[in-house]
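K.L.:
Next comes the sequence, and after it the predicted model I'd like to discuss.
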Amino acid sequence: MATNFTREEAKMMDQQDILRSFRNEFYLKNDGVYMDGNSLGLLSKRAEETTHELLNSWKQYAIDGWTEGEQPWYYLSEKLGESMTELVGGKKEEVIATGSTTVNLHHLVSTFYKPEGKRTKILADSLNFPSDIYALKAQLALKGYDDTHLIQVPSTNGHVLDEEDIINAMTDEVALIVLPGVLYRSGQILDMEKLTKAAHERGIQIGFDLCHSIGSVPHQLHDWGTDFAFWCTYKHLNGGPGSVGGLFVHEKHAGITPGLAGWFSSRKDKQFDMEHSLTPAEDAGAFQIGTPHVLSAAPLIGALELFNEAGIDRVREKSLKLTNYMMELIKHELDEFDLKICNPVDPKQRGGHVYLEHPEAARICKALKMKKVIPDFRTPSGIRLAPVALYNTFEDVYECVHILKEIMREELYKQFENKREIVS
Ligand SMILES: *Cc1c(COP(=O)(O)O)cnc(C)c1O
């Protein structure tokens, strides 16, 4: 795509970008280049407005805010669920905004994991984010099993997984499968449709963690028949630190008893009957537990409006161009340095970020920050760079790679310790 690797060429690509106006919706760091939108997305003016709106509804309505005002709190989780349906390819009854990634994972496993006879194990992978693995082990322990009941499919090269290896591990001892949609380090997209089909052919239920795939790649969870999914909203979706998460439960499971029931699991018309026997909602709403975190859901209202205006297919198209351009530039400008591109290159497998490895990665990241480029370091030697479709430009990518080049050529990283920060 790039031909002469000049800044002018990058600017030209920005001019041709149909999503370019969305950048103005965000608060960008004045003179820096933000490449960390896959860890914490930026604040948009829209999200700021809806946060103020909800604070005001508290001020204005007090207790009546549950049912009055522009965004009655009692229905907000359902409404936000509906605004995420396009992102995951679900029906409105299948999606709810609630909880957080790890809590939702606990909830869904406590519902769908039903060890029986020979089928007692949970199948996962060896590259997933630690929180998911901790939760799965804890769920096994609650059922009286030790860690040997967690099968973790190994990676072939430490970066990616082979779907065939996963399918081969779907034995008749497996009761449930939980996998990431996009791997948090290498950004590999797993073929969720194929894995769902293979799991179902073997009588196993399957769910996906969409933390890194929601807002970066399209999904068709309903059509794929995926049993469940869960995600956070503070990465690509720009919901803000600790914003309320989301989950999907396929409509074929409507009416299933939620594992971690609470009064917000109720059918909405029954909830205030205050009975001691729960009548669960017949949709994904049943997977709420208690009172929704309204103020942590507030920015999501505005953040999701932007996504729905841009459309996930257009976001994906631009994201692929950005990551492709970044890889081309890296190859062109940084060939002499020992920076290895470790994300899958094939667009079918490439998620929303570029993943590099270098033995000095920790201090290269510190040098990038000194130069006002915000990357994200993953121990021991990973650098993630996420050019985000809604607010990053091709010129940002150009700038980022040229600063990285300066850091490598001048060895500017040597002034720092090669050690991670407390939060990285
Ligand atoms: C970001 C992320 C999490 C974080 O979980 P929280 O409960 O939101 O803290 C979990 N799993 C994966 C795969 C992630 O990428």
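P.N.:
Received the coordinates, thanks.
K.L.:
what residues does the helix or strand containing Ala10 touch?
P.N.:
Taking DSSP states H and E as the definition, one finds Ala10 inside helix 7-15. With contacts defined as Cβ atoms under 8 Å, 6 or more residues apart in numbering, helix 7-15 is touched by 2-3, 20, 321, 325, 393-395, 397-398. (Each C-beta comes from the backbone N, C-alpha and C, glycine too.)
K.L.:
need these in TSV with neighbour count, can you?
P.N.:
As requested, the contacts of helix 7-15 are arranged in TSV below (neighbours: other Cβ atoms under 10 Å):
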residue	neighbour count
Ala2	18
Thr3	7
Arg20	15
Lys321	19
Tyr325	22
Thr393	19
Phe394	27
Glu395	17
Val397	29
Tyr398	25
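K.L.:
Please, where are all the strands along the stretch 1-150 of the chain?
P.N.:
Per DSSP state E, counting those that start in this stretch, the stretch 1-150 of the chain carries strands over the ranges 33-34, 95-97, 121-125, 150-153.
K.L.:
Throw those into CSV and include mean pLDDT, distance to Glu201 and mean neighbour count, thanks.
P.N.:
Output for the strands of the stretch 1-150 of the chain, formatted as CSV (pLDDT from 0 to 100; distance: least, Cβ to Cβ, whole Å; neighbours: other Cβ atoms under 10 Å):
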stretch, mean pLDDT, distance to Glu201, mean neighbour count
strand 33-34, 97, 43, 23
strand 95-97, 98, 26, 30
strand 121-125, 98, 14, 23
strand 150-153, 98, 17, 18
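K.L.:
Between those, which one is closest to the ligand.
P.N.:
strand 121-125 (10.7 Å; Cβ to the nearest ligand atom).
K.L.:
got the CA coordinates for that closest one in CSV?
P.N.:
Output of strand 121-125 as CSV, limited to C-alpha atoms (Å, rounded to 0.1, in the frame of the first residue of the first chain):
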residue,chain,number,x,y,z
LYS,A,121,-12.7,-30.7,32.3
ILE,A,122,-12.4,-27.1,31.1
LEU,A,123,-10.5,-26.5,27.9
ALA,A,124,-8.6,-23.2,27.5
ASP,A,125,-5.3,-22.1,26.0
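K.L.:
Outline the domain layout of the chain.
P.N.:
If you go by automatic domain parsing, the domain ranges for the chain are 7-31+312-415, 48-309.
K.L.:
would TSV of the ones you listed with distance to Val423 be doable?
P.N.:
TSV is the format used below for those (distance: least, Cβ to Cβ, whole Å):
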stretch	distance to Val423
domain 7-31+312-415	10
domain 48-309	11
